[in-house]
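Student: Pasting the sequence and the predicted model now:
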Amino acid sequence: MKFTKKQIDRYSRQIILKKIGVVGQKKLLKSNVLIVGAGGLGSPIAIYLAALGIGKIGIIDKDSVEISNLSRQIIFSTNDLKKNKSSVAINKLRKINPDIKLHSFNKRLTKKNINQIAKNFDLIVDGSDNFRTRFLINDYCLKNRKILVSGAISKFDGQVYTFNFSKKKSPCLRCFIPKMPSNPDVDNCEYEGVLGSLAGIIGTIQANEIVKEILEIGDTLCGYILIIDALKLTFRKVKLNKRSDCFCNEKK
Ligand SMILES: [Zn+2]
C-alpha cells in the first residue's frame, strides 16, 4: 500500500507522531472496526474513527432518528428525523472521509445474525444502550478472540471497558457483572436521563482505546474499568480481575 499525496496531507498530523508514523497510519487504514449502535456513544466514536483513518467501518443500528436523540447524538441533524440511523451516519462519515470503506447494517444485532455481521471485523466497539446487546457482544468477542471496547453512560456517570480477548489474561464483562440484570432491554438514558456532553467524553475515550489497541501503543484499559463522574470530574481506573468461576475461564 502506497500513500497518495492526498492521504499524506490528510493524515499528516498523525504521521508526524513518532508512535504512529507512516507504518502506524497504514496499520489504521488496514484495520476494520464494527460500531454497535449509532447513538450517543456511537456518534463520536464513528466521527473520530472515520476522520483519523480506520480503513473499514461498519455501523449497525435499526432505529430511526428521534428528536430526543439530538441532545447527544451529534452525528445527526434536525433534518435527519425519522431516517434510519446507520444509513444517515454512514453518509455523514463518507463526507468526513471519502478515503475509507463504510458499511451500514440497518438491523438489530441478535444471536442469529452476529456471526454473519461481525465476522469481517477484528475490533468491535459497543455503544449499545442495553445489557442484552452488551452481553451478546461480550460473549461473541470472547469466543472469537476479538478486541472489544465497551462504554456505558447514565445521568452524569460513565464507564469504559477494554477487553482484548486475543490475550488470555483479559477479563470479560461477566467478570464484572456476573448475571444479566433483570431488565436487560431497558435503555437507562430514557428513564434516568443523561448529560449530552458525557456521551462525547466516553465515546471519544472508546475511539482512543481502539486506536491504541490497533497500534499497540501506550497502556490500554484492558484489565481495568474506567469510572468517570462528570459532576465531580473524577476519573477512577479500577483493576478488574478475571473471576475464576467466570464463563471466560470455561471457554479457554
Ligand atoms: Zn469473565
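Tutor: All right, it came through fine.
Student: which stretches of the stretch 101-250 of the chain form helices?
Tutor: Secondary structure of the stretch 101-250 of the chain by DSSP state H, counting those that start in this stretch: the helices cover 114-118, 131-143, 173-176, 188-192, 196-215, 247-250.
Student: Least reliable of these by average pLDDT, please.
Tutor: Of all the helices of the stretch 101-250 of the chain, the minimum mean pLDDT falls on helix 188-192 (a mean of 72).
Student: What count of nearby residues applies to residue 62?
Tutor: 14 (other C-beta atoms under 10 Å). Heads up, the C-betas are built off the backbone N, CA and C, glycines and all.
Student: again, but for residue 111
Tutor: Other residues near residue 111 number 10, with proximity taken as other C-beta under 10 Å.
Student: Need the pLDDT of it.
Tutor: pLDDT, residue 111: 97.
Student: Look up phi and psi at it.
Tutor: Backbone torsions for residue 111, taken as degrees, to the nearest 10, come to phi -60, psi -40.
Student: any chance of the helices of the stretch 101-250 of the chain in JSON lines, plus distance to residue 60 and mean neighbour count?
Tutor: Supplementary listing: these in JSON lines, determined by distance: least, C-beta to C-beta, whole Å; neighbours: other C-beta atoms under 10 Å:
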{"stretch": "helix 114-118", "distance to residue 60": "6", "mean neighbour count": "16"}
{"stretch": "helix 131-143", "distance to residue 60": "10", "mean neighbour count": "21"}
{"stretch": "helix 173-176", "distance to residue 60": "18", "mean neighbour count": "20"}
{"stretch": "helix 188-192", "distance to residue 60": "19", "mean neighbour count": "13"}
{"stretch": "helix 196-215", "distance to residue 60": "16", "mean neighbour count": "21"}
{"stretch": "helix 247-250", "distance to residue 60": "24", "mean neighbour count": "14"}
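Student: TSV for these, including distance to residue 223?
Tutor: Written out in TSV, the entries for these read as follows (distance: least, C-beta to C-beta, whole Å):
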stretch	distance to residue 223
helix 114-118	23
helix 131-143	15
helix 173-176	10
helix 188-192	26
helix 196-215	12
helix 247-250	13
